[in-house]
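Asks: When you get a sec, could you give me coordinates for this:
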Amino acid sequence: MSIRIICLAIGYVFGLFQTSYIIGKRHGIDIRDYGSGNAGTTNMMRTMGTRAGLITFAGDCLKCILAVALVRVLFRAQYSSMMHLLVLYAAAGVILGHNFPFYLNFRGGKGIAATAGLVLSFHPVMAVLGIITFFSIFFTTHYVSLGSLAVYAGLMIEMVIFGQMGWFDLSQNQLIELYILMAFLTALAYWKHRGNIRRLLEGTERKTYLTKKSQQ
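Replies: The predicted structure follows:
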């Protein structure tokens, strides 16, 4: 169990790098006081522009990729048989650190860009499916939240299907642990998006466009 906690802690430390908060402070603002109050990509894009939003996404995605890479380097030799599980623990730590940074009174983001880092790091097939899912929904509806939630739902389903197909080289007990952890992250994402879900159902969710020219 200790190795799991170590991976979770490594991820949490990486997750504390709040890209949007740092960019905002460099411009004299706390991004959490503007727009939706969320320290994430979409709020940065709406508040400070597309460039700031894309930098935020890159930073938050990269911190998860780096945390996963570090866990692989440190523990691949000793724990090669359970590496996919440890990778998910590291990514979970990043998401928790991003969403609940202790030095910002636990007010962070929603963990979607960090989850993108997980998708890109976990398995190449899942990365391709995640990219296709998000952008097909986003460019069709312009709802970032809907695309993000669809990615999480797909990730949960893919994790179970591919796990049972033997893609992750884990024992059945480890697979069950993997599924429980992924279910927790999915539930957390949906809880963090509860306001977005309500607005989607009401038809009042705000759309996001990459260029001002495309905005309605």
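
Asks: which secondary element of this protein has the worst mean pLDDT?
Replies: In the chain, no helix or strand scores lower on mean pLDDT, DSSP states H and E than helix 41-48, which sits at a mean of 89.

Asks: Which helix or which strand is home to residue 183?
Replies: helix 172-192 (DSSP states H and E).

Asks: The residue nearest to the spatial centre of the chain and residue 34, how far apart?
Replies: Centroid-nearest residue in the chain, with CA atoms, centre = their mean: residue 115, separated by 2.1 Å. Distance from residue 115 to residue 34, counting by CB to CB, to the nearest Å: 23 Å. Just so you know, the C-beta spots here come from the backbone N, C-alpha and C atoms, and that holds for glycine as well.

Asks: Just the element for the nearest residue to residue 137 once chain neighbours are set aside, please.
Replies: If the residues on either side of it in the chain are set aside, residue 137 comes closest to residue 147, at 4.0 Å by CB to CB, 6 or more residues apart in numbering. Assessed by DSSP H and E, residue 147 sits inside helix 144-164.

Asks: what's the answer for residue 91, then?
Replies: Residue-wise, residue 91 maps onto helix 83-99 under DSSP H and E.

Asks: got it, and residue 107?
Replies: With DSSP H and E as criterion, residue 107 is part of no helix or strand.

Asks: My read is that it contacts residue 30, right?
Replies: No - using CB atoms under 8 Å, residue 107 makes no contact with residue 30, being 9.7 Å away.

Asks: residue contacts, the spatially closest residue to the residue nearest to the centre of the chain that is not a sequence neighbour?
Replies: Distances taken as CB to CB, 6+ apart place residue 95 nearest to residue 115, at 6.4 Å, with adjacent residues excluded. Neighbouring residues of residue 95 by CB atoms under 8 Å, 6 or more residues apart in numbering: 11, 15, 64, 111, 114, 115, 118, 185, 188.

Asks: from the residues you listed, which ones fall inside helices?
Replies: 11, 15, 64, 114, 115, 118, 185, 188 (DSSP state H).

Asks: in terms of contact, does the fifth one touch residue 152 like I think?
Replies: Yes - taking contacts as CB under 8 Å, residue 115 lies within contact range of residue 152: 7.0 Å.

Asks: What ranges in the protein fall below the confidence cut-off?
Replies: Along the chain, the model assigns pLDDT under 70 to residues 1, 211-216.

Asks: Name the residues of stretch 90-102 that come out as buried.
Replies: 90, 91, 92, 93, 94, 95, 96, 97, 98, 99, 100, 101 (16 or more other CB atoms under 10 Å).

Asks: so can I have TSV of those showing distance to residue 141?
Replies: Output for the buried residues of stretch 90-102, formatted as TSV (distance: CB to CB, whole Å):
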residue	distance to residue 141
90	32
91	27
92	28
93	31
94	27
95	24
96	29
97	30
98	25
99	24
100	29
101	30
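
Asks: still on that earlier bit, now do the least confident helix or strand of the chain: distance to the chain's middle.
Replies: Distance, stretch centre to chain centre, for helix 41-48: 16 Å (CA atoms, centre = their mean, to the nearest Å).

Asks: quick one: that helix to helix 144-164, angle?
Replies: When axes from the mean of the first three to the mean of the last three CA atoms, to 10 degrees is applied, the directions of helix 41-48 and helix 144-164 differ by 160 degrees.
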